[in-house]
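Q: Next come a sequence and a model predicted from it.
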Amino acid sequence: MNNIRSTLATVWRIASPYFNSDDKWAGRGLLAAVVIIELATVFLTVLFNRWNNVFYNALQERDQAVFTYQIGYFCVLAAFWIGLKVYQLYLNQWLQIRWRRWMTTRYLGGWLHDANHYRMQLLGDAADNPDQRIADDTQRFVEQTLTLGIGLLSAVVTLASFVFILWGLSNQAPLHLFGKDIAIPGYLVLGALVYAILGTVLTHVIGRPLVDLNFRQQRFEADFRFNLVRTRENAEQIALLRGEPAERTRLLDRFGFVVGNWLDIMQRTKKLTAFTATYSQAAVIFPYVLIAPAYFANKIQLGGMMQTASAFSSVQDSLSFFITAYRTLAEWQSVVARLDGFENSIRGGDALAQRQDIIHVKPTAGDTIDLDDLLVTLPDGKPLLAADGFSLRDNERTLVTGPSGAGKSTLFRAVAGIWPFGRGAVQIPANASLMMLPQRPYLPIGSLHDAVVYPGKAAQFDAGRVREVVTAVGLPQLAARLEEEAHWNRMLSLGEQQRLGIARALLHAPQFLFLDEATASLDEPSEAALYRLIAEKLPDTTVVSIGHRSTLDAFHQRNISLVRDGDRFTLRDKVEVGAS
């Protein structure tokens, strides 16, 4: 029971924000329409039940006039039924896509807000495969929540409607055994209730493991798909290393988890289906077994018997809702758990950014980037590097050097405000623009124009300006392909990608430009040409570079080195290093 309450509370927390959002009136209106149509179909079911009595009595009495009239009446009811079902499906799907669009926008906003997606990874990314949670789980949640919610409403209303009918029929056709009437008020209702309770309990006992199995299946499927994507994106390196056998083995191992868990689902589903199919088939004849003695004792006519069977079936179906929907409920519960985990992960990333015991980026009125009592640590708290009273001066080109693993790239992440682990502050001039260029620049799938101007919008830069900078960085062959759409990270060499990264910097002209080995894949003459281009085109930009080549010294006015000091590294000007 506690698990049910917890699940329902989670569902309410996930679902209710949409119906209180800026799209709430459309959502509420569509939901109300779907509910009203469902209530109308239940009312039609009651009319169909009454029709059974009159129609089969007409057959028994061979009354052609009544028979003909009832055929016409049935056609009218059926026409209304069909119309209601068509528009219920249409409005339900309309509500689904609006709700899903709102949830997708909300989750994308929370995930991609202020580098939260990166912090979630730093925390261990408890919500694995966010792409699946945003794309698949939201769709399943919306669809299954509506399906189960409307189904439960229908079951409750149908039960309330037909219990009274079945109770009255129990009095008209009392239980008849061994030639005697046995007075048991509402015995047909009692029979349906006992039958459904036994079925529900046994279904839950048999099918309960499906909840965890479905949760694991979704995770294994997402992991396998994610690794397939990684193989595709790293096809060149795999081919160069002749890594196809190893990759095939690794992927088949991942797929082995999918198959193994699926076999467990198959075994459990087989048992559940065997029981539910038996239960459903037995439910067809069970009401006739109860009412037949009264019929053969002439206590009730054929129409009454058929009406009783129909009413019993409606009551039994309503009471058996959880039996028929159990597999969907098991999958739905796993979807709810995955979305709940994703929301918790989003909140965890946001909470990390609000903590006081982290590195804070603060605006300052000066024109330098100042590192005050800064200690950068690993996520487990182990010290990495420290700096206090250290400044990156405006309009000065600075080279940062040091051994691999000293934390040079992590220092850049701390300055960018995306690495929270540690303490102290990074003070950056208010309204200053920063651009970080990593060793492998990100080029989104789409047109080359869009890829170069990223993260800006295409309309911000005219095609002539983009062609100019692409040519300037040494890629004239790409200047004529700006409108071509492709997966540029896969099509271009790393050196070409790094040239496009420099072109991006020339377009945006940031106040501070951080180059994290952003030209390391180029030969030294090409690297030198790009640094001269930056000096020429961005004379007012403060450039801070990470590099290992001694040839970079000529393009920087200051050299900072990371030097080990006990259990951490510290920043020191190269002059100080030489003096010591």
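A: Arrived safely. Residues are numbered from 1 along each chain as shown.
Q: Please count neighbours and contacts with C-alpha atoms only from this point.
A: Fine.
Q: Where does Asn395 sit: helix, strand or coil?
A: coil (DSSP: H, G, I helix; E, B strand; the rest coil).
Q: roughly how far apart are it and Gly402?
A: 23 Å (Cα to Cα, to the nearest Å).
Q: now do Pro441
A: In this view, Pro441 and Gly402 are 22 Å apart by Cα to Cα.
Q: Now do the helices in the stretch 251-400 of the chain.
A: Secondary structure of the stretch 251-400 of the chain by DSSP state H, counting those that start in this stretch: the helices cover 302-319, 321-324, 326-354.
Q: Most tightly packed of those helices?
A: Of all the helices of the stretch 251-400 of the chain, helix 302-319 carries the top mean neighbour count, a mean of 24, counting by mean count of other Cα atoms under 10 Å.
Q: quick one: that helix to chain centroid distance?
A: Distance of helix 302-319 from the chain centroid (Cα atoms, centre = their mean, to the nearest Å) equals 43 Å.
Q: ok, residues contacting it?
A: Contact with helix 302-319 is made by 49-50, 52-58, 60, 154-156, 158-159, 162-163, 165-166, 169, 188-189, 192-193, 195-197, 283-284, 287-288, 291-292, 295, as judged by Cα atoms under 8 Å, 6 or more residues apart in numbering.
Q: again, only this time at 7 Å
A: Applying Cα atoms under 7 Å, 6 or more residues apart in numbering, the contact partners of helix 302-319 are 49-50, 52-57, 60, 155-156, 158-159, 162-163, 165-166, 169, 192-193, 196, 287-288, 291, 295.
Q: Show the contacting residues for the residue nearest to Asp567 when sequence neighbours are not counted.
A: Closest residue in space to Asp567, ignoring its immediate chain neighbours: Pro383 at 6.7 Å, by Cα to Cα, 6 or more residues apart in numbering. Pro383 makes contact with 376-377, 567-568, according to Cα under 7 Å, 6+ apart.
Q: and which of those is nearest to Lys299?
A: Thr377 (85.9 Å; Cα to Cα).
Q: quick one on the thing from earlier: pull out the buried members of the contacts of helix 302-319.
A: For those, a burial check counting by 16 or more other Cα atoms under 10 Å picks out 49-50, 52-57, 155, 158-159, 162-163, 165-166, 169, 192-193, 196, 287-288, 291, 295.
Q: which ones among these are found in helices?
A: Counting by DSSP state H, the buried ones among the contacts of helix 302-319 place 49-50, 52-57, 155, 158-159, 162-163, 165-166, 169, 192-193, 196, 287-288, 291, 295 in helices.
Q: what's the closest non-adjacent residue to Asn92?
A: Val34 (6.4 Å).
Q: Specify the angle between the one helix or strand the one you found maps to and helix 302-319 in degrees.
A: Per DSSP states H and E, Val34 falls inside helix 24-61. Relative orientation of helix 24-61 and helix 302-319, computed by axes from the mean of the first three to the mean of the last three Cα atoms, to 10 degrees: 150 degrees.
Q: what's the following helix or strand after helix 24-61?
A: As assigned by DSSP H and E, the chain's next helix or strand after helix 24-61 is helix 64-111.
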